[in-house]
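Enquirer: Output the structure for:
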Amino acid sequence: MRTTLPARALRSRTPRRPLTRAAGLATALALAAVQLTAAPASATTPAAASPAVDLGHEVIAAGDGWGSWSGPTAPERVPRVAEPVSGGSAADPSQVYVVDDWQTLRDALAGVPGGSQNDARYNQVPRIVYVTGELDPWLRADGSRITCDDIASQVTVAGTGAPFDMDDYIAAFGPGVDPSGPLEQARVEAAALQAKLTLQHVGSNVTLVGVGDDARVAGASLRIRDAHNVIVRNLTLSDAYDCFPQWDAGDAGGNWNSAYDNLSVWTSTSVWVDHNTFDDGAHPATSLDTVYGRPFEVHDGLLDVTHGSDLVTMSWNWFQHHDKTDIIGSSDSRTQDRGQHRVTQHHNRWTDIGQRGPRVRFGDVHVYNNLYEQTDATTAASSADHPFFQYFWGAGKESSIVAEANAVELVDPSSASRIIAGWGGTELRASDTLVDGAPFDVLAAYNATAASPLSPDVRWDPADAYTYAPDPVADVAAIVRAGAGAGILSSGTPGATAAPAAFTVSDDNGRDTGLRDGDYRVFADLWWGQNATVVKLYENGVLIDAQGIDGASPAAQHAAFDIAGRVDGRYEYTVVALNPYGQTASRTHTVTVTDAAPARAALSASGARSGTVTITADLWWGTNATEYVLYQDGVEVDRRALVAATPGAQHAATVVGELAPGTYEFTAVLSNAAGSTPAKPVTVTVRG
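Expert: Numbering: from 1, shown residues only. Now for the predicted structure:
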């Protein structure tokens, strides 16, 4: 019998702000009311009182997994030479951003305000992007929220004239039926509209880092695509919610499949994902409706590495209460991914996940010093015919997983034989695993009942790729609980504890040379207050220069910007000071240029009586010229370059030579980059 949901239940599927932003387990498991006891702090965890570190300029450490490796890679069979991940650490100061809403993040990644997804996807300019507070694509500027129904109402179902509605979609199909026709096409169109709103590409040479313990991206999907050299750190990535999941009747008896991962890595290389928290926000597994007898799944993965991506290190992340958590490899048919999908996962915390921790196709994947823990939430998300927990390590086609010194804590000890699952793979090496505090041979437990046992003879050794030193497995649970997830690192800058104070802007135009010419300096001064790490200069609203600046709050800071070649006019300058905590704009300062073009030269003539005439041009004081042109009766007779030394005098003399008796008019034009100034003509009469 076909089962549909009441319209009220379906229309309530609108991403909403969670009740708490805390990075702890309560965020992901609030509806399950699970309380975990905090583990004692580890010696490896930074002390709470330690000074903040500017994560924007940090790079991956030597030996920190595949992300630190140098050598050839070939995503989609396109050769590339990889280097250890440095992200945007080499960014010019003009490419350092602080973002506190969804649109400013999109602009920073695109490189231009209102830039497209392709602008972001193919942008290779090194950038550092600091995230403060919560970024939410569903939030309008006026504070109201976009809903799934708002998106659906923009699509008309062909042949009906009616707006699309997921209630109608569900009512039209059922178990064993793959949707098709106008309703399926309308669902696809609505999904495309949502993608424009919530999917954001991340290009190459980027460091995307959260500041403090509340930096969060909610209701969106970040996709590192066709990129290289990317760092994502200290962020809570939450609830990549799909309004319009697709029913696949052939997927294990029928499943709802969603389009968005909280973070995905597509066709990209050299990526470091570190100290982040991944969760389902306001829509954990226990909150999902049941449609066609299966959970109405509105999420895909938390972090997926697919489409030939390679050389990824995932470290110190916390994955919270999610089903299909982390897949490495897109499909068995993508044989072009052979040799790719090399990933290291260490010191990650996996709490109440259903499966894929990870599932691997083709890749050489190193899994060490991770904590896999279950609570009553795993039981709450299960049903009699569908246990929530499926497996942790999935050995897929041509994969080679090396699992070392991992700790596992299970609600049901009998499920230890399901820690490993076979998905067409042939090899997996697991050593030094603790299950519920005791050593356990997880590979032997799997092989005891497997139709196709896995061999421990793997094709590679992590020690041949990089140098690493695992923590003792007995310490893993405490170390990982104390150190994994967003908000653990003391991020920000050691030079300040909040956004910078406003700078005062001044200039020396009229004071440097006595002239209000087009060459001057603009000064930015912070006399006292929270310091900046970057100052950006805007001229008439356009960024024209930026400088990095050392901070030592509350000491004074000073920056000077050289301005050259401005023509006469008014110029408005604003200095935006920023540090990882935020940015502050100065008051607008106006500079008026009146003397940019050369001053007027005085012409004189000699030799008229002898008939051999010399014309002299003298600029006694003022803005100098770089070129002098002499005209005789409107015809050019001399042109020469001049050396400018404003406001010093300039002199040029032209020997015209013998002239026939008559009257002649000479004039000269002095020019520089800002303009030209004609001299007052001089008349010369040569008598016979």
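
Enquirer: longest helix of the protein?
Expert: helix 182-198 (DSSP state H).

Enquirer: Only the C-alpha atoms, please, for that one, written as PDB.
Expert: Extracted C-alpha coordinates of helix 182-198, given in PDB (Å, rounded to 0.1, in the frame of the first residue of the first chain):
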ATOM      1  CA  PRO A 182       6.100  16.000 -15.900                       C
ATOM      2  CA  LEU A 183       6.300  15.700 -12.100                       C
ATOM      3  CA  GLU A 184       9.800  14.300 -12.200                       C
ATOM      4  CA  GLN A 185      10.900  16.900 -14.600                       C
ATOM      5  CA  ALA A 186       9.400  19.600 -12.400                       C
ATOM      6  CA  ARG A 187      11.300  18.100  -9.400                       C
ATOM      7  CA  VAL A 188      14.500  18.300 -11.400                       C
ATOM      8  CA  GLU A 189      13.800  22.000 -12.300                       C
ATOM      9  CA  ALA A 190      13.100  22.800  -8.600                       C
ATOM     10  CA  ALA A 191      16.300  21.100  -7.600                       C
ATOM     11  CA  ALA A 192      18.300  23.200 -10.000                       C
ATOM     12  CA  LEU A 193      16.800  26.400  -8.500                       C
ATOM     13  CA  GLN A 194      17.800  25.200  -5.100                       C
ATOM     14  CA  ALA A 195      21.400  24.500  -6.300                       C
ATOM     15  CA  LYS A 196      21.700  28.100  -7.400                       C
ATOM     16  CA  LEU A 197      20.800  29.200  -3.900                       C
ATOM     17  CA  THR A 198      22.700  26.700  -1.700                       C
END
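
Enquirer: which other helices and strands contact that helix?
Expert: Secondary-structure packing of helix 182-198 (3 or more CB pairs under 8 Å, 6 or more residues apart in numbering; DSSP states H and E): helix 148-152, helix 166-172. Where C-beta positions appear, they are placed from N, C-alpha and C, glycine not excepted.

Enquirer: Tell me who's in contact with Ala249.
Expert: With contact taken as CB atoms under 8 Å, 6 or more residues apart in numbering, Ala249 is in contact with 175-178.

Enquirer: again, but for Gln95
Expert: Contacts of Gln95 by CB under 8 Å, 6+ apart are 88, 125-128.

Enquirer: Quick check on it: phi, psi?
Expert: phi -110, psi 30 (degrees, to the nearest 10).

Enquirer: quick one on the thing from earlier: compare the helices and strands packed on helix 182-198 and give me the one nearest Val232.
Expert: With CB to CB as the criterion, Val232 lies closest to helix 148-152 of these, at 26.9 Å.

Enquirer: How much space separates the residue nearest to Arg361 when sequence neighbours are not counted from Ile401?
Expert: Excluding the flanking residues, the one nearest Arg361 by CB to CB, 6 or more residues apart in numbering is Gly329, at 2.7 Å. Per CB to CB, to the nearest Å, Gly329 is found 12 Å from Ile401.

Enquirer: Mutual contacts of the two, please.
Expert: Residues touching both Gly329 and Ile401 (CB under 8 Å, 6+ apart) are Val360.

Enquirer: Just the helices from the chain, written as ranges.
Expert: So, for the chain - with DSSP H - the helices run 7-11, 25-29, 102-110, 117-122, 148-152, 166-172, 182-198, 376-380, 442-447, 462-465, 473-483.

Enquirer: Of these, which stretch is the most buried?
Expert: helix 25-29 (a mean of 25; mean count of other CB atoms under 10 Å).

Enquirer: pLDDT on that one, on average?
Expert: Confidence over helix 25-29 (mean pLDDT, whole number) is 30.

Enquirer: and of the contacts of Gln95, the nearest to Arg516?
Expert: In terms of CB to CB, no member of the contacts of Gln95 lies closer to Arg516 than Val125, at 35.7 Å.

Enquirer: residue closest to the middle of this protein?
Expert: Geometric centre of the chain, nearest residue: Leu208, 4.2 Å, by CA atoms, centre = their mean.

Enquirer: quick one, what contacts that one?
Expert: Leu208 neighbours (CB under 8 Å, 6+ apart): 129, 131, 202, 222, 230-233, 235.

Enquirer: Compare the contacts of Ala249 and tell me which is most surrounded.
Expert: Neighbour counts for those peak at Pro175, which has 15 neighbours (criterion: other CB atoms under 10 Å).

Enquirer: There's contact between that residue and Gly254 in this structure, I believe.
Expert: Yes - applying CB atoms under 8 Å, one finds Pro175 in contact with Gly254, separated by 5.5 Å.

Enquirer: what sits in contact with each of these two?
Expert: Residues touching both Pro175 and Gly254 (CB under 8 Å, 6+ apart): 292-293.
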